[in-house]
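K.L.:
My questions concern the predicted model and sequence given below.
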Amino acid sequence: MIRFTLNGTPVSIAAPPDRSLATILREDLGQTGSKIGCAIGRCGACMVLLDGQAMNGCLLMAWQVAGRQITTIEGIASHPAGAALLRGLTEENAFQCGYCAPGMVIALAGLLATTPAADAETIKAALTGNLCRCTGYHSILRGALRAVALLKDA
Amino acid sequence: MRILRPATLTEALAALRDPAAAAAAVAGGTAHQLQWSQGKPRPELLVEIGPLLPAGILPDYSANNRLPPPGATPSDFSQKNRAGSLIRIGAATTLDALHHANLPLLSQAAADVAAPGIRRLATLGGSIGWGAGCLLPALLALDAQLDTTGGPVALADWLTAPSGLILAIELAAPPPTAHLVWRKIGLRAGFSPAILTLAAVMTRTEGRIATLSLAVGGGIVPPQRLTTAEAQLIGTPPNAAAIEAAVAAAFSPPACPLRSASFRRRVAARALAQGLAPRAAAPPQPRLHLASTTPPLPPLTRHSPRWHNRPDMETKVAGTLPYLTDTRRPDMLVGRILRAAHPHARILAIDTAAAEALPGVAAVVTHRDVPGLNAFGILFPDQPALCHDKVRHLGDPVAAVAACDDATAEAALALIRVTYAPLPVVTDAEAALAPEAPPIHDNCNLITDLGLTRGDPDAAFATAAHVVEDIYVTPRQMHGFLETEGGHAELLPDGTLLVAVGGQHGARDRSQLARILNRPERSIRVITSPTGGAFGGKDELTVQPALALLALKAGAPVRLQLSRAESVRAGIKRNPMRLHLRSACDAEGRLLAQEVTVIADAGAYASLSPGVLETAMEHAAGPYVIPNIRTRGRLAYTNNGICGAFRGFGANQMAYAVECQIDRLAAACGLDPAEMRRRNLRIPGSPGFLGQRVAPSERLAEMLTAAAGSPLWQPVTDDGEWITGTGMALMWQGNGLGTLPTDEAEGTLRLTPDGAVEVLCGLDEMGQGLLAALQASVADRLGIARADVRPVTGDTGCTPDSGSTTASRGGYVVWTIAQNTAPGFTAQLLAGAARLTGLPPEALRLVPGGVAEIARNLPDPLVRFADLAHALHPQGLPVETTAFAFPKTEYTKGNARFIFCAGATVARVAASRVTGALRVTDLHLHTAAGPVIDLAAYLGQMEGGAVQGLGFTLSEDILMQGGRMLTANLDTYAMPTILDAPDRMQITALETLDAGDPYGPRGAGELGIGGVTPAICNAVADALGRWPTVTPIPPETILTFAETARGATP
């Protein structure tokens, strides 16, 4: 049995120790907000916060999350930067197909928790591991900067 | 697999030494997983060593102080930077901590390893332990010493004979005056596997090199110090040519299919030389650029009253939008597909007995389970639903399994025994057409051969003042939608088969499925929307046949989604093309003749590839008048996967070649690129390339003017490494399917019982903004609010057949549905409201929220839509339906487009003479696609299309070897990251139509990609004097160009 805290709720699940957290979320727990775009840590669609830090859910094996705090897109509303990100990215129409969005939001939440006044270069560096095929990224950057502005005004 | 969490290092070492245990040490585990995904077997036992190893950084280490415990915040080296102090770094320190610790060289190097999410897991010890990390050259250059369980050892020695576990590294801080060099060369700007990493530490005394370490490594390059070069250079003044020569002589790198050995050697030599003895900047080369008198088009921004939130945006951002691959129910089985084991082989036998016997397996299907025609294909059915007699590419489906869970389904796949007799593999489109080539289908490998001759090209070439000729090669680009192909299927209680898989034309998917399943179309319901990106890659059937067969045989709902690796292997790609162009003009730059010969690779099945080639050939003259022309295009079957529709649909490949030829002729004539185009631009209202009529509102001249007046026409600059130039290209993209195929659409507007104005449209929301466009079109036409409009899309169970969501046709379809249904629907609403209020219909009008009285200019409706719906008889609710054809001409001698949209791309591109990298600093797109329906959707289509074009030009290609894909996942298939996107993008839209033009908005889907490749290549030529003819542009080509460019010699 692997035990961890998912969005504030204790979870225990029987899973092979090398099963990825992203697979556990989508296949075993039915939490499909996190997406799996490559399963090798190259697209970022499955990103989760592990004790507050954005990491690839597909690279975290079950044994590595035992006893840890996991926040997924399903729990983003209670994240300190969650509301600003949801609003900023929505207002800027940051996404197109939206499949990369959960990973992008998580990566940005991890960044803004420690760097709420992040500038464009810092945001770009933080999103280097998140692929988007639809937008060309500029709308996502505009949305992230809007979230930063909202955090500043808050 | 088991995990061992030993209490001591001694225990860990014992477990790792036990030959029976098949154990591996693990800390962050990131590298392990990449290797497992590439086929390396998983160990039986993982020994977790991370918590046993020191973590953190001691900037001023002596034997007396100890490293902080795991999890402690790393020290900031910069606060205590002391030259010569011994830095000790625990092996369990993450690369992220290293990145932020401000250590000389190492922090910069760590920032270039992978991406932030991985760096937070990956450790320094792991990075060294794998022996191939990006970091190693930096550590070698700093003379790092390892502290291991076997005792202290120099890193360089440990690499030759690794033993024991790494506990910590120690290195001396270089003096503050030391010159430090770090560089990583990858496949793209952000998050790339390393082609090469380089590090150097140099100190000088009296102008001469006193100490020098030069180190190389990264990827397949064995990490090493270039000691002979160091020895040669110490004592000499730092001189670029000497350093370059010394490094080139000392370094013998390996080659891989992505980059040659010679490339690695050249870049290592140049980058170390540039780092240690930087080349001086050159003065800018001014260009004659006439200031434009036409006011520039304003860039599109969100700061506009026309900016609306897309209706699906909030749920997408919050991750709550259910995609078809997200459906989960306890009764659902999980499906998996068995793919071909050979790129070309006869199938002798398929034995599924063992798989069927596996507990948990509900169904196994093969060709024997196909009740109808075991074939499909949008143009003609040459592709089997499940292979029976042979396999023709490695993605061919042979069998499929439905089981209780993913692990059981995968285990069952491994139990299916397929016996093959391999056949010779056809790997090249041109070779496929040779008479002796093995046939992939029953006949020869030629699928289509089309072309035309007009005028007397030979005579025109003979008398022309200038002739330019070259062969342009384009890549096997992957669509790369983030949501891979998948969905779910089940037989509903009423006997309907539900197939819910992201697609681009549900009605056609249903008709193809009906043929395969031998079921009436009316007993199949296909849901195709929403889907997480498509770009043409979900136009053909993907997983639907296997999924439907599994659901029927298992008698239970089945879900299935391809892994990325399987999607790469089995999914459609862009047709690689070889375009041979010969173009001629007179001394004044007037085009005289052009000869265009194309060979295109279809892969193993036709799908829409004949249409792609036909579209390419239809754009063979671009938007120019060329009196004498000869074209020939041939399409061949190969065993190289499958190809077909992809945004641009052949037009962008052709535009690359044609627009570069125009610039080359301009250069030959001494003409400005814009002026050259102006002299040859087609005249509005004149016949199209095939002689067909062309719709009004041509805007080429305006686009050309906008491009000519662009602020990006700055001088060519050279900062010593980066040479920066500007280039342009026109875009001219046909919309719709053309004259020959059926191209029709239906749509419905109705008031629902709950008071929504529902617009029913069979097109698919795949990210382009269909929902927003439907809301906008209907709301604007009716004069109601967007929020009043509820779009329903992509479901044959409730939406009409609106045709395919392809070919830049959706904008017209959506707009026309609104135009055609609005008058009748409005009349019905007003009549209903009139009955309710006793007012005459003429006294009423539609307003946001409902119906208002014209005479009273009140913001609130007199009758809300909900009240109206409630008051009307459920059978008598307003409904209006339209059916229409996409506008065409009467021309039928070939497949000709009628509506075209126009644009111009201007790119500012920097080329590195050191690494051959290209960086698009600025990208401006001027577009003319008629009225913009939804601002955000339009902007997104242009920006996104442009960056997809940037990927085609700079980094994306599925490399094949013997029918196998070498770039098999997103680690080596290099789509642009956020760091690869242009620094600045600007989009303008000229929205006007000619008076009386009835055709409304033009397609926005493909316009953005069309001019990017030639604009970049023309900018490269502006900077370096030569045109790249292979895309993605090999960096080695740029190195060579830079050597001969203007001012190349120092």
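P.N.:
Arrived safely. Numbers count the residues shown, from 1 in each chain, chains lettered A, B, ... in the order given.
K.L.:
Show the backbone phi and psi for whatever residue of the stretch 1-150 of chain B ends up closest to chain A.
P.N.:
Residue nearest to chain A within the stretch 1-150 of chain B: B:Ala115 (2.6 Å; C-beta to the nearest C-beta). For every residue, glycine as well, the C-beta is placed using N, CA and C. Its backbone dihedrals place B:Ala115 at phi -140, psi 170, with angles given as degrees, to the nearest 10.
K.L.:
Wait, it touches A:Ala125, no?
P.N.:
No: shown here, B:Ala115 and A:Ala125 do not form a contact pair, counting by C-beta atoms under 8 Å, at 9.3 Å.
K.L.:
The two: which is more packed in?
P.N.:
It is B:Ala115, of B:Ala115 and A:Ala125, that has more neighbours when counted by other C-beta atoms under 10 Å in any protein chain shown, with 24 against 18.
K.L.:
Do you know the pLDDT at B:Pro286?
P.N.:
What the model reports as pLDDT for B:Pro286 is 85.
K.L.:
and the stretch 851-1000 of chain B, which residues reach chain A?
P.N.:
Where the stretch 851-1000 of chain B comes near chain A, counting by C-beta under 8 Å from any C-beta of the partner chain, the residues are B:936-937, B:939-940, B:943-948, B:969-971, B:975-979, B:981, B:985.
K.L.:
Please repeat the previous calculation with a cut-off of 10 Å.
P.N.:
Those residues of the stretch 851-1000 of chain B that sit near chain A, judged by C-beta under 10 Å from any C-beta of the partner chain, are B:923, B:934-937, B:939-951, B:969-987.
K.L.:
give me the number of residues near the closest residue to chain A within the stretch 251-400 of chain B?
P.N.:
The nearest approach of the stretch 251-400 of chain B to chain A comes at B:Lys316, 2.9 Å away (C-beta to the nearest C-beta). When counting by other C-beta under 10 Å, one arrives at 27 neighbours for B:Lys316.
K.L.:
just B:Ala600 next, same as before
P.N.:
27.
K.L.:
Quick check: it touching B:Asn575?
P.N.:
Yes: with contacts counted by C-beta atoms under 10 Å, B:Ala600 reaches B:Asn575, the gap being 4.7 Å.
K.L.:
how does chain A divide into domains?
P.N.:
For chain A, the structural domains run A:2-75, A:76-153, going by automatic domain parsing.
K.L.:
Work out for me the element B:Glu614 sits within.
P.N.:
Here B:Glu614 sits within helix B:609-618, counting by DSSP states H and E.
K.L.:
Counting by contacts, list what that helix packs against.
P.N.:
strand B:446-454, strand B:572-574, strand B:577-585, strand B:591-603, strand B:628-637, strand B:642-644, helix B:651-669, strand B:722-734 (3 or more C-beta pairs under 10 Å, 6 or more residues apart in numbering or on different chains; DSSP states H and E).
K.L.:
and with 6 Å instead?
P.N.:
Helices and strands touching helix B:609-618, as assessed by 3 or more C-beta pairs under 6 Å, 6 or more residues apart in numbering or on different chains; DSSP states H and E, comprise strand B:628-637, helix B:651-669.
K.L.:
re the thing from before, return a ChimeraX selection command for the buried portion of the residues of the stretch 851-1000 of chain B next to chain A.
P.N.:
The following ChimeraX command selects only the buried members of those, with burial defined by 16 or more other C-beta atoms under 10 Å in any protein chain shown:
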select /B:923,934,935,936,937,939,940,941,942,943,944,945,946,947,948,949,950,951,969,970,971,972,973,974,975,976,977,978,979,980,981,982,985,986,987
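K.L.:
how about the domains of chain A in a markdown table, adding distance to B:Arg913 and mean pLDDT?
P.N.:
Listed next are the domains of chain A as a markdown table, based on distance: least, C-beta to C-beta, whole Å; pLDDT from 0 to 100:
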| stretch | distance to B:Arg913 | mean pLDDT |
| --- | --- | --- |
| domain A:2-75 | 30 | 97 |
| domain A:76-153 | 25 | 98 |
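K.L.:
And stretch B:881-899, what's buried?
P.N.:
In stretch B:881-899, residues buried by neighbour count (16+ other C-beta under 10 Å) are B:881-882, B:886-889, B:891, B:894-899.
K.L.:
do the same with stretch B:795-812
P.N.:
Taking 16+ other C-beta under 10 Å as the basis for neighbour counts, the residues of stretch B:795-812 that come out buried are B:795-796, B:799-812.
K.L.:
Then stretch B:712-719?
P.N.:
When burial is assessed from 16+ other C-beta under 10 Å, stretch B:712-719 yields the following buried residues: B:Leu712, B:Trp713, B:Gln714, B:Val716, B:Thr717, B:Asp718.
K.L.:
what does stretch B:481-500 give?
P.N.:
For stretch B:481-500, by 16+ other C-beta under 10 Å, it's B:481-491, B:497-500.
K.L.:
what do you get for stretch B:720-729?
P.N.:
Neighbour-count burial for stretch B:720-729, with 16+ other C-beta under 10 Å as criterion, is recorded at B:Glu721, B:Trp722, B:Ile723, B:Thr724, B:Gly725, B:Thr726, B:Gly727, B:Met728, B:Ala729.
K.L.:
Same check on stretch B:986-1005?
P.N.:
Along stretch B:986-1005, these residues count as buried under the neighbour rule (16+ other C-beta under 10 Å): B:986-990, B:993, B:999-1005.
K.L.:
Just confirm B:Ile378 contacts B:Leu608, I think it does.
P.N.:
Yes: checked against C-beta atoms under 6 Å, the pair B:Ile378 and B:Leu608 is within contact range at 5.4 Å.
K.L.:
Comparing those two, which residue is more hemmed in?
P.N.:
Regarding B:Ile378 and B:Leu608, a neighbour count based on other C-beta under 10 Å identifies B:Leu608 as having more, with 28 against 24.
K.L.:
Please list all residues in contact with the more buried one.
P.N.:
Residues in contact with B:Leu608, defined by C-beta atoms under 6 Å, 6 or more residues apart in numbering or on different chains, are B:Ile378, B:Gly644, B:Ala645.
K.L.:
and B:Asn857, how many neighbours does it have?
P.N.:
The local packing count at B:Asn857 equals 8, with neighbours defined by other C-beta under 10 Å.
K.L.:
and it, backbone torsions?
P.N.:
Here B:Asn857 shows phi and psi, under degrees, to the nearest 10, equal to phi -80, psi 60.
K.L.:
End to end on stretch B:633-650, go ahead and measure it.
P.N.:
Between the opening and closing residues of stretch B:633-650 there is a gap of 11 Å (C-alpha to C-alpha, to the nearest Å).
K.L.:
Could you list every helix and strand that the longest helix anywhere in chain B packs against?
P.N.:
Using DSSP state H to define each element, chain B has its longest helix at helix B:810-837. Helices and strands in packing contact with helix B:810-837 are listed as strand B:744-751, helix B:770-782, helix B:865-871, strand B:879-885; criterion 3+ C-beta pairs under 6 Å, 6+ apart.
K.L.:
What helix or strand is the residue nearest to B:Val113 when sequence neighbours are not counted located in?
P.N.:
Here the nearest residue to B:Val113 in space, its sequence neighbours aside, is B:Cys134; by C-beta to C-beta, 6 or more residues apart in numbering or on different chains that works out to 4.8 Å. Under the assignment given by DSSP H and E, B:Cys134 is not contained in any helix or strand.
K.L.:
Residue ranges in the stretch 51-200 of chain B under the pLDDT threshold?
P.N.:
Counting by pLDDT under 70, the stretch 51-200 of chain B contains low-confidence residues at B:60-84.
K.L.:
What parts of it come near chain A?
P.N.:
Listed as neighbours of chain A in the stretch 51-200 of chain B under the rule C-beta under 6 Å from any C-beta of the partner chain: B:Ala115, B:Pro116, B:Gly117, B:Ile118, B:Arg120, B:Leu121, B:Gly190, B:Phe191.
K.L.:
could you redo the helices and strands packed on helix B:810-837 as TSV and give each row mean pLDDT?
P.N.:
Below are those laid out as TSV (pLDDT from 0 to 100):
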stretch	mean pLDDT
strand B:744-751	98
helix B:770-782	98
helix B:865-871	97
strand B:879-885	98
